[in-house]
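Asks: Need coordinates for the below:
(chains A and B)
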There are 2 protein chains.
Amino acid sequence: MTSHAAPALDPSADIVDLTAAIVDIESVSGNERALADAVEQTLRAHAPHLEVLRDGDTVIARTARGLDRRVLLAGHLDTVPVADNLPSSRRTHEGREELVGRGTCDMKGGVAVLLKLAVEADAAPMDLTWIFYDHEEVAAADNSLTRLAAERPELLEADFAILGEPTSAGVEGGCKGTMKLEVTARGIAAHSARDWVGDNAIHHLAPVLERLSAYEARRAVIDGLEYRECFNAVAISGGIAGNVIPDRASATLNYRFAPDTTEAQAEAHVREVLAGLDLEIEVTDSAPGALPGLDTPAAREFLAALGDEVTVAAKQGWTDVARFSALGTPAVNFGPGDPLLAHTDDEHVPLADLRTALEGLRRFLTA
Amino acid sequence: MTSHAAPALDPSADIVDLTAAIVDIESVSGNERALADAVEQTLRAHAPHLEVLRDGDTVIARTARGLDRRVLLAGHLDTVPVADNLPSSRRTHEGREELVGRGTCDMKGGVAVLLKLAVEADAAPMDLTWIFYDHEEVAAADNSLTRLAAERPELLEADFAILGEPTSAGVEGGCKGTMKLEVTARGIAAHSARDWVGDNAIHHLAPVLERLSAYEARRAVIDGLEYRECFNAVAISGGIAGNVIPDRASATLNYRFAPDTTEAQAEAHVREVLAGLDLEIEVTDSAPGALPGLDTPAAREFLAALGDEVTVAAKQGWTDVARFSALGTPAVNFGPGDPLLAHTDDEHVPLADLRTALEGLRRFLTA
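Replies: Okay, the predicted model is just below:
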């Protein structure tokens, strides 16, 4: 029997120091145990007002004060692989103080804010559920929220959910849906010196690329937020040998659709865009979007607590907010860090973002 | 020391039996030794009028009678890999007798005809050079004719050359040239949910495929033979991940051009077809075609010997005739077997083709 002592985390530390301590516990997907242990122990030691549950490497902590509203706050503990960018370091870049390293942006800054407030907010005007979960940066089937939603859906019940994904400390409401499709063109193989006895499948993809190039994507405005749709070929392949006219060529298309569109409507739209072309079209992956629900009472209170300066925008990329939306819970993304830096080797978070996110969320929970 | 006794070949046997015996000595590229040994021993034992040379696994046999004209006849000994189609077998298919198996068509039927006549034609009206060579079905750099042309070009000198590649016992003059090009489009990578900050490189290939689809290939008539040009994408690739707008996509193009066109002209034409598109274009491989030279005296005598019934057409695929053409020697393809069956699992040769090719070539050499 081996015993791993989890590094101790001090939730009363400055938010920058707490973020650095969490970042420095490496937790690439599949290796979240040490960080989950540290989070669990911190909550058990410092937050007696919370009921703490452990499910695999996911830590759930809840108040049960019988209040008439429940808000869920969630953040994932895992990161994409380290790129020689741990332990974390601080720097000043173009006059801005930053914490640099894998996970600083996606999303241990958010995890630090949530952990600090989970300990602190023992008298919030609503019941709270805190979820620190594993396996977000990998296949959806391995994501612990998938397991919790299937096996213990009561733990995810809430009137409103806040996901601490990076948004530069602004509010990004809902998210677009995403659909992947494989389109395949068939032809007749032949020697490339006698193409007239064949039929080039690669050439049959010309009108597909043509229509994608010319595609004018819809911009849907929902609750005042603009969701810009996208429709792209993200992969293309074909070819047998250098002297053969190929009898098969295919492209992988990715359609990102506004959250007012169902998956069935999205597929119908794709088929309409490609109508009349001699192609096989197969949907290989699909996930619905999430409506922002900014007109719900809890969302309005959240926006009011953040004040007028906060930016409110649509979330363009798919995030786990869609899982809450599927359970009937409106959800927003709100966390420190620029989402465009997620997964990059130069991943970092501005220190100001950490403080802005902490203070905004604190106002909401202590209003 | 090991000794491999080459199976004995009987050049006086019926052409079908001789072909079957040669086919049954497996000689996939790189494994030609046993067959080269058998050919060498057959010539040394039965053709005292020939000077026989051995160079690697290539056998060269020559008359040196001081005649004013020399004709070169060549065939390769190797085959593409066996596909469970050896030893050879005979069958009757739709009323036609056939010899079935790897190499029957490409080109051991031709090798059998050449070997039989090399022994027989001891009093031809011209000097003769017979070349049985290795490594034709692999990279050009490994082809023994490449080595001979560089190191012993005098052995390839002739006024006219006949290559025994399959032509259904018709004459296929010259061959088209071939050029491979890599065209690459560049873009800007981005998340596929935010394509407006990126630039999809795959979409930039749309006009390339469009122009290839719409391309109207030239048909060049030379010495009465029609060479149909071809311009195709033979491969296409692009894509980084399912959620990324790719910043690079490329296609491999193959241009097959008539033998009245130089490689420089071919490249200029390709660049003209793709003019105005934002692409990198690189020629990765190129070989000139071969003019048929059917108006040369030796070619006219050859056609006269074959008689009026013989079909005369352009060779569309690139063959080693281009090597002779590059040395200044007009060359034609003439051999038993349908070239469309070369390399197929059902490779076979009609017995009638073997006899027609043997008799036609015999008339030429004994005229």
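Asks: beta partners for the nearest residue to residue A:288 once chain neighbours are set aside?
Replies: Setting aside the residues directly before and after it, residue A:288 is nearest to residue A:177 in space (C-beta to C-beta, 6 or more residues apart in numbering or on different chains), at 4.7 Å. Heads up, the C-betas are built off the backbone N, CA and C, glycines and all. Under the criterion DSSP bridges, residue A:177 forms beta bridges with residue A:257.
Asks: same question, residue A:96
Replies: The residues that residue A:96 bridges to, once DSSP bridges is applied, are residue A:93.
Asks: Leaving out sequence neighbours, find the closest residue to the residue sitting furthest away from the middle of chain A.
Replies: Farthest-out residue of chain A from its mean C-alpha position, per C-alpha atoms, centre = their mean: residue A:194, at 50.5 Å. With C-beta to C-beta, 6+ apart as the criterion, residue A:194 has its nearest non-adjacent residue at 5.1 Å, and that residue is residue B:316.
Asks: And for that neighbour, the neighbour number?
Replies: 24 (other C-beta atoms under 10 Å in any protein chain shown).
Asks: didn't it look like it was pressed against residue B:226?
Replies: No - under the criterion of C-beta atoms under 8 Å, residue B:316 lies out of contact with residue B:226, with a separation of 9.4 Å.
Asks: Show me where the stretch 151-300 of chain A has its helices.
Replies: Listed in chain order, the helices of the stretch 151-300 of chain A (DSSP state H, counting those that start in this stretch) span residues A:206-214, A:263-273, A:297-306.
Asks: Quickly check: stretch A:319-336 near chain B or not.
Replies: No - residues of stretch A:319-336 contacting chain B under C-beta under 8 Å from any C-beta of the partner chain: none, with a closest distance of 9.8 Å.
Asks: My reading is that residue A:43 is in a strand; is that accurate?
Replies: No - Residue A:43: not assigned to a strand; according to DSSP: H, G, I helix; E, B strand; the rest coil it is helix.
Asks: correct me, but it touches residue A:63?
Replies: No - using C-beta under 8 Å, residue A:43 makes no contact with residue A:63, being 11.8 Å away.
Asks: circling back: give me the pLDDT value at the residue farthest from the centre of chain A.
Replies: Residue A:194 is assigned a predicted lDDT (pLDDT) of 92.
Asks: same check, this time on residue A:2
Replies: Value listed for residue A:2 in the pLDDT field: 40.
Asks: Same question for residue A:221.
Replies: On the pLDDT scale, residue A:221 gets 96.
Asks: Quick check: beta-bridge partners of the residue nearest to it when sequence neighbours are not counted?
Replies: With C-beta to C-beta, 6+ apart as the criterion, residue A:221 has its nearest non-adjacent residue at 7.8 Å, and that residue is residue A:227. In this structure, residue A:227 has the following beta-bridge partners (DSSP bridges): residue A:220.
Asks: The one residue in the stretch 251-367 of chain A that gets nearest to chain B and residue B:210: what is the separation?
Replies: Distances between the stretch 251-367 of chain A and chain B by C-beta to the nearest C-beta are smallest at residue A:317, namely 4.0 Å. Here the distance between residue A:317 and residue B:210 works out to 32 Å (C-beta to C-beta, to the nearest Å).
Asks: Up against chain B, what does the stretch 201-350 of chain A have?
Replies: When proximity is defined as C-beta under 8 Å from any C-beta, the stretch 201-350 of chain A approaches chain B at A:202-203, A:205-206, A:209-210, A:212-213, A:217, A:228, A:230, A:232-246, A:249, A:251-252, A:254, A:256, A:285, A:316-318, A:340.
Asks: could you redo the last one with a cut-off of 6 Å?
Replies: A:202-203, A:206, A:209-210, A:212-213, A:230, A:232-239, A:242, A:245, A:254, A:256, A:316-317 (C-beta under 6 Å from any C-beta of the partner chain).
Asks: mind listing which of those are in strands?
Replies: When these are checked against strands (DSSP state E), the matches are A:230, A:232, A:233, A:234, A:235, A:236, A:237, A:238, A:239, A:245, A:254, A:256.
Asks: biggest separation within those residues, which pair?
Replies: A:245 and A:256 (34.2 Å; C-beta to C-beta).
Asks: domain parsing for chain A?
Replies: Under the assignment automatic domain parsing, the domains of chain A span A:15-175+A:290-366, A:177-287.
Asks: so what's the spatially closest residue to residue A:200 that is not a sequence neighbour bridging to?
Replies: Sequence neighbours aside, residue A:245 is the residue nearest to residue A:200 in space, at 5.0 Å (criterion: C-beta to C-beta, 6+ apart). Residue A:245 forms beta bridges with residue A:190, as assigned by DSSP bridges.
Asks: quick one: contacts for residue A:245?
Replies: Contact partners of residue A:245, counting by C-beta atoms under 6 Å, 6 or more residues apart in numbering or on different chains, are A:190, A:192, A:195, A:198, A:200, B:232.
Asks: Could you verify my assumption that the third one touches residue B:230?
Replies: Yes - in this structure, residue A:195 is within contact of residue B:230 by C-beta atoms under 6 Å, at 4.2 Å.
Asks: so where's chain A uncertain?
Replies: Low-confidence segments of chain A, defined by pLDDT under 70: A:1-5.
Asks: the longest helix in it is where?
Replies: Scanning chain A for the longest helix, with DSSP state H as the assignment, gives helix A:351-366.
Asks: Check the offset of it from the chain's centre.
Replies: Taking the mean of its C-alpha atoms, helix A:351-366 sits 20 Å from the chain's own mean (C-alpha atoms, centre = their mean, to the nearest Å).
Asks: then that helix to PDB, C-alphas only?
Replies: Written as PDB, here are the backbone C-alpha positions of helix A:351-366 (Å, rounded to 0.1, in the frame of the first residue of the first chain):
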ATOM      1  CA  LEU A 351      -3.300  38.600 -12.600                       C
ATOM      2  CA  ALA A 352      -5.900  41.300 -13.000                       C
ATOM      3  CA  ASP A 353      -8.300  38.700 -14.500                       C
ATOM      4  CA  LEU A 354      -7.900  36.500 -11.400                       C
ATOM      5  CA  ARG A 355      -8.800  39.400  -9.100                       C
ATOM      6  CA  THR A 356     -11.700  40.700 -11.300                       C
ATOM      7  CA  ALA A 357     -13.300  37.200 -11.500                       C
ATOM      8  CA  LEU A 358     -12.900  36.600  -7.800                       C
ATOM      9  CA  GLU A 359     -14.400  40.000  -6.800                       C
ATOM     10  CA  GLY A 360     -17.300  39.700  -9.300                       C
ATOM     11  CA  LEU A 361     -18.300  36.200  -8.200                       C
ATOM     12  CA  ARG A 362     -17.800  37.200  -4.500                       C
ATOM     13  CA  ARG A 363     -20.300  40.100  -4.900                       C
ATOM     14  CA  PHE A 364     -22.900  37.700  -6.400                       C
ATOM     15  CA  LEU A 365     -22.400  35.200  -3.500                       C
ATOM     16  CA  THR A 366     -22.600  37.700  -0.700                       C
END
